[in-house]
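In: Got a sequence here, can you build the structure:
(one chain, ligands or ions: 1)
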Amino acid sequence: MSNPNNAVLKIDGKEIMLPIVTGTHGEMGLDISNLRNSTGLVTVDPSFMNTAACYSKITYIDGEKGILSYRGIPIQELVKKARFVETAYLLLHGKLPSRDQGSKFSQLLTRHSLLHEDMRHFFDNFPRGAHPMAIMSTMINALSTFYPNVDLLSLKEDIDTSATRLISIFRTMAAFAYKRSIGEPVVYPCPDLPYCANFLNMMFSSPVTQYELREETVRILNVLLILHADHEQNCSTTAVRTIGSAQVNLYASISAGISALSGPLHGGANQAVIDMLKKIEKDANIKKYIDRAKDKNNSFRLMGFGHRVYKTYDPRAAIIKKECHKFLRSTKISSPLLNVALELEKVALNDEYFIERKLYPNVDFYSGIIYSAIGIPENMFTVMFGLARLPGWIAHWKEMIGTQTKIARPRQIYVGKHVKEFSSR
Ligand code: CMC
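Out: Residues are numbered from 1 along each chain as shown. As a prediction, the model looks like this:
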C-alpha cells in the first residue's frame, strides 16, 4: 500500500520504500541512508547539487523566495536590531542572549582577544605579499598547537571559551596581518571597545594617528558581519563539518573552512568583484564583459553574480546595496565603482542569458564597495568574510558533533582500469 511518507523505488522486480522527510517549512527530501544496505546501490550526485548532507536547526534559506533566517529570525530583523556579537551568540546557542549572558560573552571576547606572544613572531616568516587568507588559515591551524585539546568532549562542556577565543583572536590576527603588510607596528586590542569598534581601531590606529571611530562605520561593519555570519551548507561550512567529523581539533577544522572560503567561486569573489569593476571602469565597456561572461569558450564569469541556492535576488545583496548607498551618502564618500556596479547589474538583469539562468547579484557584489569606503584593502575583503562566518562555522561544528556520530565518507563509482598484472613494461 502506498504511504504518503514513503517513495517507492522499483528495482530488479523488488519494491524499496524510501522515507520522505519534511523540514520545518515543508521542504521535502528522500532518505536514502539505507539504500545501499537494501539494494547494493549508491546514489551519484557530484558537487552535491541534490544532496542534503544533514539535518540542521541553524539557518534557513528559501532560494526561490529569497528568504534567509538564523535560528528562525529573518536577517532583516537582525540587521535592524542586533549587533554582530549577539548574532554570534544566537547562532551558537539557538537563542538571543539575555543581558547577563550577553555581557558574559563580551567579557570572554575581551579576555581571549590577545594572541599568544609566541604566535606574533609567526607573522615575520610569511613571504611579503602572501595573501592574508593563506596567512589566516595557517595561523588558525597553528592555534591547535597551543590549544590541542579542543575537541568534541571539551566543547560539549564549554563552547563559549573556544568560540570566543576563535572569534576574538581571528580579529586580532587579521588586524596584525594587515599592519604587518603595511610595515606598521601592531595595535593591541582595547578592552573598553566593543567588538567591531575594536577591530577598526586595531586596523587603523597607529602610534602617530588616533583613528576616529565613527558611529556609522561601526554600524555598517556590524551589518556586514551579521549578513555573512552563516549560510547553511555552503562549501566552507561543509568543509568544517566534514573535517570535524573525523574528530579533528576545532581550530584545525576552522582552518580548512578558511581555505575553502578563499576560493573565487566562494568568499574570494568579493575581492574578484572589485578587480572586475576596476577593469570595467578602465575599459568603459560593460558590454564587452557581459559578452565575455556569456561566451562558453571564455572562462570569465560575472563575479558577484549567480548562486547555487538563490534563484532570485540574494536577500543579503539587497540589504548591502541599500546600506551601501546610505553609508556613502552619510560619510560623503564618493565611489565611482558603485556606479559601474549599478550599471552592470542593470544591463545583466535585462539580458536574456542572465534572466533565463536566474542569475542575480549575490552577497559579494556590493560588499567590497563598502569595505573599500571603510578603508579596508582589497586583499583583506575575504578575511572580513571569514571573520563574519566564524560563528556559523562553529555553530555547525557544534551541531555536527552533537548529532553526527559517523565520519563523513562519501562513496564513488570507480571508472578506472580493470585489475591488471604488474608489468614493468
Ligand atoms: N557569470 C556568467 N555565467 C554564470 C555565472 C556568472 N557569474 N554564474 C553561473 N553562470 C551560468 C553557468 O555558466 C551555467 O550556464 P549553462 O547552464 O549555460 O552551463 C549556469 O549559469 C549555471 O551555473 P553553475 O555554474 O552550474 O551554477 P553553480 O550553482 O554550480 O555555481 C556559483 C554557483 C556561485 C559558483 C556561480 O554562479 C559563479 O561562479 N558565480 C561567480 C562567482 C561568485 O560570485 N561567487 C560567490 C557566490 S555567493 C557567496 C559565497 O558562496 O561565498
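In: how about the residues of the stretch 301-425 of the chain that lie near the ligand?
Out: Among all residues of the stretch 301-425 of the chain, those adjacent to the ligand (criterion: Cβ under 6 Å from any ligand atom) are 301-308, 357, 359, 362-364. Placement of C-beta: from N, CA and C, glycine included.
In: In ChimeraX, select just the buried ones from these.
Out: Only the buried entries of these go into this ChimeraX selection, using 16 or more other Cβ atoms under 10 Å:
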select :301,302,303,304,305,306,307,359,362,363,364
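In: So which of the residues of the stretch 301-425 of the chain next to the ligand belong to strands?
Out: Within those, membership in strands is found for no residue, as judged by DSSP state E.
In: Pick the one among the residues of the stretch 301-425 of the chain next to the ligand closest to the ligand.
Out: Taking Cβ to the nearest ligand atom as the measure, the ligand sits nearest to Gly306 out of those, at 2.3 Å.
In: which ones are touching the spatially closest residue to that closest one that is not a sequence neighbour?
Out: Counting by Cβ to Cβ, 6 or more residues apart in numbering, Gly306 lies nearest to Leu359, which is 4.4 Å off, once chain neighbours are set aside. Shown in contact with Leu359 (Cβ atoms under 8 Å, 6 or more residues apart in numbering): 302, 305-306, 348, 353.
In: Select the longest strand from the protein.
Out: Scanning the chain for the strand with the most residues, using DSSP E, yields strand 14-22.
In: Going by neighbour count, list what's buried in it.
Out: Across strand 14-22, burial judged by 16+ other Cβ under 10 Å covers 16, 18.
In: Check stretch 294-303 too.
Out: Neighbour-count burial for stretch 294-303 flags 294, 301-303 (criterion: 16+ other Cβ under 10 Å).
In: what does it rub up against?
Out: 264, 269, 272-273, 275-276, 289-290, 292-293, 344, 348, 351, 353-354, 359, 364.
In: any idea of the pLDDT on the residue nearest to Gly306?
Out: Leu359 carries a pLDDT value of 98.
In: For it, grab phi and psi.
Out: With angles defined as degrees, to the nearest 10, Leu359 sits at phi -100, psi 120.
In: just to revisit the earlier point, buried ones among the contacts of stretch 294-303?
Out: Buried members of the contacts of stretch 294-303, counted by 16+ other Cβ under 10 Å: 264, 269, 272-273, 276, 289-290, 293, 344, 348, 351, 354, 359, 364.
In: Among those, which lie within helices?
Out: Residues of these located in helices (DSSP state H): 269, 272-273, 276, 289-290, 293, 344, 348, 354, 364.
In: With pLDDT added, can I get those residues in JSON lines?
Out: Listed next are those as JSON lines, based on pLDDT from 0 to 100:
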{"residue": "Ala269", "pLDDT": "96"}
{"residue": "Ala272", "pLDDT": "96"}
{"residue": "Val273", "pLDDT": "97"}
{"residue": "Met276", "pLDDT": "97"}
{"residue": "Tyr289", "pLDDT": "97"}
{"residue": "Ile290", "pLDDT": "97"}
{"residue": "Ala293", "pLDDT": "97"}
{"residue": "Leu344", "pLDDT": "98"}
{"residue": "Ala348", "pLDDT": "98"}
{"residue": "Phe354", "pLDDT": "98"}
{"residue": "Asp364", "pLDDT": "96"}
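In: mind checking how far the closest residue to Val8 other than its chain neighbours is from Arg180?
Out: For Val8, ignoring the flanking residues on the chain, the nearest one in space by Cβ to Cβ, 6+ apart is Glu15 at 5.3 Å. Using Cβ to Cβ, to the nearest Å, one obtains 64 Å as the distance from Glu15 to Arg180.
In: now Lys296
Out: Taken as Cβ to Cβ, the spacing of Lys296 relative to Arg180 amounts to 43 Å.
In: Same question for Arg71.
Out: With Cβ to Cβ as the criterion, Arg71 and Arg180 are 37 Å apart.
In: With Phe126 instead?
Out: Between Phe126 and Arg180 the computed distance is 8 Å (Cβ to Cβ).
In: Please apply the same query to Lys10.
Out: Applying Cβ to Cβ, the value for Lys10 to Arg180 is 63 Å.
In: Between these two, which has more neighbouring residues?
Out: More neighbours surround Arg180 than the other of Lys10 and Arg180, with 19 against 8 (other Cβ atoms under 10 Å).
In: count of neighbours near the closest residue to the more buried one other than its chain neighbours?
Out: Leaving aside its sequence neighbours, Arg180 sits nearest to Phe123 (Cβ to Cβ, 6+ apart; 4.9 Å). By the measure other Cβ under 10 Å, the count of residues near Phe123 is 18.
In: Which pLDDT does the model give Phe123?
Out: Listed pLDDT for Phe123 reads 89.
In: which secondary structure element contains Gly386?
Out: For Gly386, the host element (DSSP states H and E) is helix 381-403.
In: That helix: which residues count as buried?
Out: Buried, per 16+ other Cβ under 10 Å, within helix 381-403: 381-401.
In: and that helix, how far out from the chain's middle?
Out: Relative to the centre of its chain, helix 381-403 is centred 7 Å away, using Cα atoms, centre = their mean, to the nearest Å.
In: Please export the C-alpha coordinates of that helix as PDB.
Out: In PDB, the C-alpha atoms belonging to helix 381-403 read as follows (Å, rounded to 0.1, in the frame of the first residue of the first chain):
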ATOM      1  CA  PHE A 381      38.000  41.500   1.900                       C
ATOM      2  CA  THR A 382      37.800  37.700   2.100                       C
ATOM      3  CA  VAL A 383      39.300  37.900   5.600                       C
ATOM      4  CA  MET A 384      36.400  40.000   6.500                       C
ATOM      5  CA  PHE A 385      34.100  37.400   5.200                       C
ATOM      6  CA  GLY A 386      35.900  34.800   7.300                       C
ATOM      7  CA  LEU A 387      35.700  36.900  10.400                       C
ATOM      8  CA  ALA A 388      32.000  37.100   9.900                       C
ATOM      9  CA  ARG A 389      31.500  33.400   9.100                       C
ATOM     10  CA  LEU A 390      33.200  32.200  12.300                       C
ATOM     11  CA  PRO A 391      30.100  31.900  14.400                       C
ATOM     12  CA  GLY A 392      28.300  30.000  11.600                       C
ATOM     13  CA  TRP A 393      31.200  27.600  11.200                       C
ATOM     14  CA  ILE A 394      31.500  27.000  15.000                       C
ATOM     15  CA  ALA A 395      27.700  26.600  15.300                       C
ATOM     16  CA  HIS A 396      27.700  23.900  12.600                       C
ATOM     17  CA  TRP A 397      30.700  22.200  14.100                       C
ATOM     18  CA  LYS A 398      28.900  22.100  17.400                       C
ATOM     19  CA  GLU A 399      25.700  20.800  15.900                       C
ATOM     20  CA  MET A 400      27.600  18.200  13.900                       C
ATOM     21  CA  ILE A 401      29.400  16.800  16.900                       C
ATOM     22  CA  GLY A 402      26.200  16.700  18.800                       C
ATOM     23  CA  THR A 403      24.200  14.800  16.100                       C
END
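In: That concludes my questions; thank you for your assistance.
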